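Chemist: 3D model of this:
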Amino acid sequence: MNYRRTGHAKYATLVSLALALTLTACTPSSPEADRAPTERPAASAQEVLAEPAAEVDAPVAELAEPVADPDPVAPIPVVEPAPLVVPAPVEVPLVTQPVAEAPAPAPTETVKPAPAVTVPAPEPVVTPITPLEPSTPHVSPNYPEIGTYTFPDGHISFEVPSGWGMQAEIPVVAPGDDYPYDDHFAIAHIFDENGHNVVDITSGGVGGVVAGPVNRTILDSQKLSSFDSRDGASYFAVFRDDYPFEPAETRYFVGLVPETLMTEGPDSTSAASFLIMGNGATTAQVNIDPFMTQEAAEAWMQSEQYSKLKGLLTSLRYAQ
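Modeler: As a prediction, this is how the structure comes out:
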């Protein structure tokens, strides 16, 4: 058992031990039995403390019993610290909100571009047109109402389209002219169903034409079967002529031409309808806008008016 002693208790204990040692030293080693022991007053605490410690030669007897502490102090129980109780971690369930997955994109097929195919421009198809046979007679102020018109000298004739009209003109010959054909020069003015003067045809004319260089493209053509001129066959033709002016310009031509003008490319000469026949010069040219655009020309060539004009001009005949 453990005892705790105060300062006073320790001092008292030391005094008792010193006194015991003193008494033991003063006791004779062989006391006589019949002699009464000499009594000596007990030494005071101050005397005991005054004596030098060297005089104590006898061994100190061991105490059989512990000296009781005059002022015992109740032992202070050692309180063991309470073990630290760490609460177990509380498991909190993890709540996960399901996220809607975006739909996977549909697999796209890699489309390889089709190889470029060069399509050659189609060759213009020229369909010969049979000369028109008018179903109704045309109106002429100078001649009988017949479907076929023949010039006064009887050499040139043609068919007037159904529904169209014609007016003949015989100009007055100026005095003094000595041209051999002055007496039978005539002009035929042809009108469509709307009254437009679409083409003029002359017979028994005189004179000549002047031509220049052009770059020609033939858009349509047809050879006449019964209208050969002094220079060979005659042709119905549609030209696009590019003139090398500054600035350059393009002109369109529709009418009858001699075979010598049926050329293409930059070595061509400008077009004019002038054919030398047996009775003189003949011209037949359609009245169009020569400066129309290519789109307008292509659209017009698909019209009914163009078809009738082509039929009229390819119906020309020459008789001796």
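
Chemist: List the buried residues for stretch 267-277?
Modeler: Ser268, Thr269, Ser270, Ala271, Ala272, Ser273, Phe274, Leu275, Met277 (16 or more other C-beta atoms under 10 Å). C-beta: built from backbone N, CA, C; applies to glycine.

Chemist: so, if you compare these, which one comes nearest to Gln302?
Modeler: Ala271 (21.9 Å; C-beta to C-beta).

Chemist: Check what pLDDT the closest one gets.
Modeler: For Ala271, the model assigns a pLDDT of 94.

Chemist: which SS state does the residue lying closest to Gln167 once chain neighbours are set aside fall under?
Modeler: Residue nearest to Gln167 in three dimensions, not counting chain neighbours: His189, with 4.8 Å by C-beta to C-beta, 6 or more residues apart in numbering. Using DSSP: H, G, I helix; E, B strand; the rest coil, the structure places His189 in strand.

Chemist: partner residues bridging His189?
Modeler: Listed by DSSP bridges, the beta-bridge partners for His189 are Gln167, Asp200.

Chemist: Use 41 as the first number for this chain going forward.
Modeler: With the count now opening at 41, the last piece we talked about shows up as His229.

Chemist: Give me the subset of the buried residues of stretch 307-317 lying in strands.
Modeler: Using DSSP state E, the members of the buried residues of stretch 307-317 that fall within strands are Ser308, Thr309, Leu315, Met317.

Chemist: if we take those, which one ends up nearest to Asn327?
Modeler: Leu315 (18.2 Å).

Chemist: The closest one and Asp193, how far apart?
Modeler: According to C-beta to C-beta, to the nearest Å, Leu315 stands 16 Å off from Asp193.

Chemist: swap in Ser265?
Modeler: Ser265 is 21 Å from Asp193, by C-beta to C-beta.

Chemist: Can you pull out the low-pLDDT segments for the chain?
Modeler: Low-confidence segments of the chain (pLDDT under 70): 41-186, 212-223.

Chemist: What is the neighbour count of the nearest residue to Pro298 once chain neighbours are set aside?
Modeler: The shortest distance from Pro298 to any non-neighbouring residue, by C-beta to C-beta, 6+ apart, is to Asp271 (4.5 Å). For Asp271, the neighbour count with other C-beta atoms under 10 Å is 12.

Chemist: So Asp271 sits against Val297, correct?
Modeler: No. Asp271 is beyond contact range of Val297, at 10.0 Å (criterion: C-beta atoms under 8 Å).

Chemist: Could you tell me which residues touch both of these two?
Modeler: Leu315 (C-beta atoms under 8 Å, 6 or more residues apart in numbering).

Chemist: Sticking with the closest residue to Ala324 other than its chain neighbours, tell me its helix or strand.
Modeler: Distances taken as C-beta to C-beta, 6+ apart put Leu296 closest to Ala324, at 4.1 Å, once the chain neighbours are dropped. Per DSSP states H and E: Leu296 is located in strand 289-298.

Chemist: repeat for Ser347
Modeler: Going by DSSP H and E, Ser347 is in helix 344-353.

Chemist: Does anything pack onto that helix? Which helices or strands?
Modeler: Judged by 3 or more C-beta pairs under 8 Å, 6 or more residues apart in numbering; DSSP states H and E, helix 344-353 is in contact with strand 196-199, strand 237-245, strand 289-298, strand 320-326.

Chemist: Serialize the ones you listed to TSV and add fields for mean neighbour count and distance to Glu344.
Modeler: Below are the helices and strands packed on helix 344-353 laid out as TSV (neighbours: other C-beta atoms under 10 Å; distance: least, C-beta to C-beta, whole Å):
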stretch	mean neighbour count	distance to Glu344
strand 196-199	21	16
strand 237-245	21	12
strand 289-298	20	15
strand 320-326	22	14
